[in-house]
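> Build me a model from this:
(2 chains)
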Number of protein chains: 2
Amino acid sequence: MPRSTAAPVAELVERARSGEPRAVARLISLVEDASPRLREVMAALAPHAGQAHIVGITGSPGVGKSTSTSALVTAYRKAGKRVGVLAVDPSSPFSGGALLGDRVRMQDHATDAGVFIRSMASRGHLGGLAWSTPQALRVLDAAGFDVVLVETVGVGQSEVEIAGMADTTVILLAPGMGDGIQAAKAGILEVGDIYVVNKADRDGVQNVTRDLRAMLALAERSPDAWSPPILKTVASRGEGVDEVVAAIDDRLAWMRANSVLEERRRSRARDEIEAIAMTALRARFAHLHGDARLDVLAAKVAAGGTDPYSAADELIDAL
Amino acid sequence: MPRSTAAPVAELVERARSGEPRAVARLISLVEDASPRLREVMAALAPHAGQAHIVGITGSPGVGKSTSTSALVTAYRKAGKRVGVLAVDPSSPFSGGALLGDRVRMQDHATDAGVFIRSMASRGHLGGLAWSTPQALRVLDAAGFDVVLVETVGVGQSEVEIAGMADTTVILLAPGMGDGIQAAKAGILEVGDIYVVNKADRDGVQNVTRDLRAMLALAERSPDAWSPPILKTVASRGEGVDEVVAAIDDRLAWMRANSVLEERRRSRARDEIEAIAMTALRARFAHLHGDARLDVLAAKVAAGGTDPYSAADELIDAL
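Residues are numbered from 1 along each chain as shown, chains lettered A, B, ... in the order given. As a prediction, the model looks like this:
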């Protein structure tokens, strides 16, 4: 009788929950590989959902994201908390990212069983960032980490996307990097819950802080909304990092007190369900495509025999 | 009896085909607004599809895209051809682009009835670039332009997306802009059919050309594939532009002779049908959401009562 060489999902989940890093890594690989076993994994994880504080960390290249993440991990470990780190690379499907190099700087924590660090590429992925990241976060959440840091390079819309997947978003800036542009671009003023000006020992820190404060003052906020603090750090020396941890804790307490945490998590679950449903429907189209129906419709549209809307109707009817 | 104030679609299409710029502009606005009349518009346009040569023009900010586009328009007009220009701004949903400023430089052609120029923002759009651009191109194609130039800033994946929508893709480069990086990023070496080094009167033009040639030589191409030429221009003085026009014509002739044009157009129609179908399905989810079904499922997932896959199954079943 053949035996499956893969560990049963229930066992993997139990091992991940008991703190075994290899089991956590294996579960995230199943997400990355879009494994057919994912349904079973997610079903096994579901009862353990909603325990971790998911903290997004983003900013332009060069602001010191990796150093800041490492410093936060150190601070959380001092406080006895288990920390998961997910570094998401939103690069284009054609070029690799530099994140693996950055990971080297995280080696301080390599032998600490209370820390789990993982880079995840979203390029080339079915549904990309929107599909794989929430599921990897589900793994880390269910595995019992107290805090999960999701680090991503702020390029294009990635920071806005990541903010949508986190409970709390920390936006990093640094002096001397075209700061007005940094802040104005990609709507980071709309998504930041905590702003941190890193490399605060450098010239220009006052300018960044002042510009940021002025821009935040212009943003329309209801009187009972969270008011994002602006903090300063020198992450490479650990300076100001405890204050960032305190601000993240304050934010969590505020969200709990104002029912914001629940609403955010429901809204995220909504996006996640939709992304999975869309991916499933797209896969069905691909199957129809295998049946050549989409090809036939496409040839008809290309030849002017029908229009894309009518063709799309036919495709949906064929589902 | 109430009379509709909007012109009937058939009449708009007829006027667009007879060369009336306001009718063309109106049809593109219907695309931008995702008008409910779009189905009718696309059905009316269908019989006139597939006449124009769709030429994508892309490159990093500062390479001279707008100047080059304008110079190409001048060259095509000299040859008696009607030209449509669609400038697509792939900016993030939160920030406006600089393209409108660039449009000013196109005013040379403002009074020429054989030229139609339109900027289109894709931000905030249902389905974004992938949804609206092909439909705007359908309008320009059916309106009887001989050539349609689609200009877009090369940021993130936008150039790869635009290449997928064009028959022929022209990649612009310029000396002194971190050229290796320009070429390597976002896979432009995978999508360019013609490479143009603009600002060829500047220092460093030999380096760009040499690097580009070396990189293209490394790309794997089957022996019967199109071999992309590398040309040099000083678009601001019109130098080398006739050679670009000749290369674009060569490419069209080659595609026709090798059945590539038909295959590309079928493949585009396939993507377009799929994008419309996905948008329609997403809209149905939103309607279900109005019925609170998605909300109920999301709350259940957030509370750990079910997993996102099972919830997505329920959602699809409810369609």
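
> near chain B, anything from the helix or strand harbouring residue A:215?
For residue A:215, the enclosing helix or strand under DSSP states H and E is helix A:205-218. No: against chain B, helix A:205-218 shows no contacts by CB under 8 Å from any CB of the partner chain, the least distance being 12.7 Å. Every residue, glycine included, has its C-beta placed from N, CA and C.

> Tell me which other helices or strands that helix touches.
Packing partners of helix A:205-218 (3 or more CB pairs under 8 Å, 6 or more residues apart in numbering or on different chains; DSSP states H and E): helix A:179-184, strand A:194-197, strand A:230-232.

> same question for the helix or strand that the last one is followed by, mean pLDDT?
This means strand A:230-232. Note on strand A:230-232: by DSSP H and E, the next helix or strand toward the C-terminus is helix A:241-257. Averaged across helix A:241-257, pLDDT comes to 97.

> In terms of secondary structure, what does helix A:241-257 contact?
Using 3+ CB pairs under 8 Å, 6+ apart: helix A:241-257 touches strand A:53-59, helix A:65-78, strand A:168-173, strand A:194-197, strand A:230-232, helix A:260-290.

> Now distance to chain B, mean neighbour count and mean pLDDT too, for the ones you listed, in JSON lines please.
Output for these, formatted as JSON lines (distance: least, CB to the nearest CB, whole Å; neighbours: other CB atoms under 10 Å in any protein chain shown; pLDDT from 0 to 100):
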{"stretch": "strand A:53-59", "distance to chain B": "12", "mean neighbour count": "26", "mean pLDDT": "93"}
{"stretch": "helix A:65-78", "distance to chain B": "19", "mean neighbour count": "22", "mean pLDDT": "94"}
{"stretch": "strand A:168-173", "distance to chain B": "13", "mean neighbour count": "27", "mean pLDDT": "93"}
{"stretch": "strand A:194-197", "distance to chain B": "16", "mean neighbour count": "25", "mean pLDDT": "95"}
{"stretch": "strand A:230-232", "distance to chain B": "20", "mean neighbour count": "19", "mean pLDDT": "97"}
{"stretch": "helix A:260-290", "distance to chain B": "4", "mean neighbour count": "18", "mean pLDDT": "83"}
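
> Redo those as a markdown table? Include distance to residue A:131.
Formatted as a markdown table, these follow (distance: least, CB to CB, whole Å):
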| stretch | distance to residue A:131 |
| --- | --- |
| strand A:53-59 | 17 |
| helix A:65-78 | 23 |
| strand A:168-173 | 20 |
| strand A:194-197 | 27 |
| strand A:230-232 | 33 |
| helix A:260-290 | 5 |
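
> now chain A, which segments are flagged as low pLDDT?
Flagging of chain A using pLDDT under 70 yields the residue ranges A:1-6, A:89-108, A:110, A:121-130, A:154-159, A:178-188, A:288-291.

> Can you give the domain ranges for it?
Domain segmentation of chain A under automatic domain parsing yields A:48-258, A:273-318.

> distance between the shortest one and the chain's centre?
I take that to be domain A:273-318. 31 Å (CA atoms, centre = their mean, to the nearest Å).

> I'd like to know how far residue A:146 sits from chain B.
17 Å (CB to the nearest CB, to the nearest Å).

> That residue touches residue A:76, doesn't it?
Yes: between residue A:146 and residue A:76 there is a contact under CB atoms under 8 Å: 7.4 Å.

> ok so residue A:120 is a helix residue?
No: when classified by DSSP: H, G, I helix; E, B strand; the rest coil, residue A:120 is found to be strand rather than part of a helix.

> tell me which residues form a beta bridge with it?
On the basis of DSSP bridges, residue A:120 is bridged to residue A:88.

> Identify the residues contacting it.
Contact partners of residue A:120, counting by CB atoms under 8 Å, 6 or more residues apart in numbering or on different chains, are A:28, A:31, A:32, A:86, A:87, A:88, A:89, A:132, A:133, A:136.

> filter these to the buried ones?
For those, a burial check counting by 16 or more other CB atoms under 10 Å in any protein chain shown picks out A:28, A:31, A:86, A:87, A:88, A:89, A:132, A:133, A:136.

> wait, the fifth one sits on residue A:150?
It refers to residue A:88. Yes: between residue A:88 and residue A:150 there is a contact at 6.3 Å, judged by CB under 8 Å.

> residues shared between the contacts of the two?
Common neighbours of residue A:88 and residue A:150 (CB under 8 Å, 6+ apart) are A:133, A:162.

> coming back round to it: spit out the residues that contact residue A:146 and residue A:76 alike.
Contacts common to residue A:146 and residue A:76, judged by CB under 8 Å, 6+ apart, are residue A:83.

> And residue A:206, how far from chain B?
25 Å.

> what comes up buried for the helix holding residue A:215?
A:205, A:208, A:209, A:211, A:212, A:216.

> from these, which is closest to residue A:243?
Within these, the smallest distance to residue A:243 is 14.0 Å, found for residue A:209 (CB to CB).

> quick one, what contacts that closest one?
Per CB under 8 Å, 6+ apart, neighbours of residue A:209: A:197, A:230, A:232.

> List the contacts of the first one.
Read it as residue A:197. Residue A:197 touches A:172, A:173, A:174, A:175, A:205, A:208, A:209, A:212, A:230, A:231, A:232, A:233, counting by CB under 8 Å, 6+ apart.

> what do you get if the cut-off is 7 Å, keeping everything else the same?
A:173, A:174, A:205, A:208, A:209, A:230, A:232 (CB atoms under 7 Å, 6 or more residues apart in numbering or on different chains).

> Taking those residues together, which two end up most distant?
Longest span within the contacts of residue A:197, CB to CB: A:174 and A:230, 13.2 Å.

> residues in contact with residue A:163?
A:56, A:169, A:191.

> What of residue A:239?
With CB under 7 Å, 6+ apart, residue A:239 has these contacts: residue A:233.

> From chain B, how far off is it?
32 Å.

> Distance of that residue relative to residue B:205?
Counting by CB to CB, to the nearest Å, the separation of residue A:239 from residue B:205 is 48 Å.

> go on, residue A:292?
Residue A:292 is 48 Å from residue B:205, by CB to CB.

> if we can go back for a sec, between the buried residues of helix A:205-218, which is closest to chain B?
Chain B has its nearest neighbour among the buried residues of helix A:205-218 in residue A:216, at 14.9 Å by CB to the nearest CB.

> Hmm, that closest one is touching residue A:226, no?
No: contact criterion CB atoms under 7 Å: residue A:216 and residue A:226 do not qualify, at 11.6 Å.

> so who does the closest residue to residue A:166 other than its chain neighbours touch?
In space, residue A:166 comes closest to residue A:56 once its chain neighbours are excluded; the distance is 3.4 Å by CB to CB, 6 or more residues apart in numbering or on different chains. Contact analysis of residue A:56 by CB under 7 Å, 6+ apart lists A:150, A:162, A:163, A:165, A:166, A:169, A:170.

> Let's see that with 8 Å instead.
A:150, A:152, A:159, A:162, A:163, A:165, A:166, A:168, A:169, A:170.

> cool, residue A:83 as well?
A:72, A:73, A:76, A:77, A:114, A:115, A:116, A:145, A:146, A:147, A:148, A:149.

> Ok, residue A:71 next?
A:233, A:235, A:236, A:238, A:241.

> Quickly note the distance from the nearest residue to the third one once chain neighbours are set aside to residue A:169.
Spelled out, it's residue A:236. Leaving aside its sequence neighbours, residue A:236 sits nearest to residue A:67 (CB to CB, 6+ apart; 5.4 Å). The gap separating residue A:67 from residue A:169 is 18 Å, by CB to CB.

> coming back round to it: I figured the residue nearest to residue A:236 hits residue A:237, correct?
No: using CB under 8 Å, residue A:67 is not in contact with residue A:237, being 9.7 Å away.
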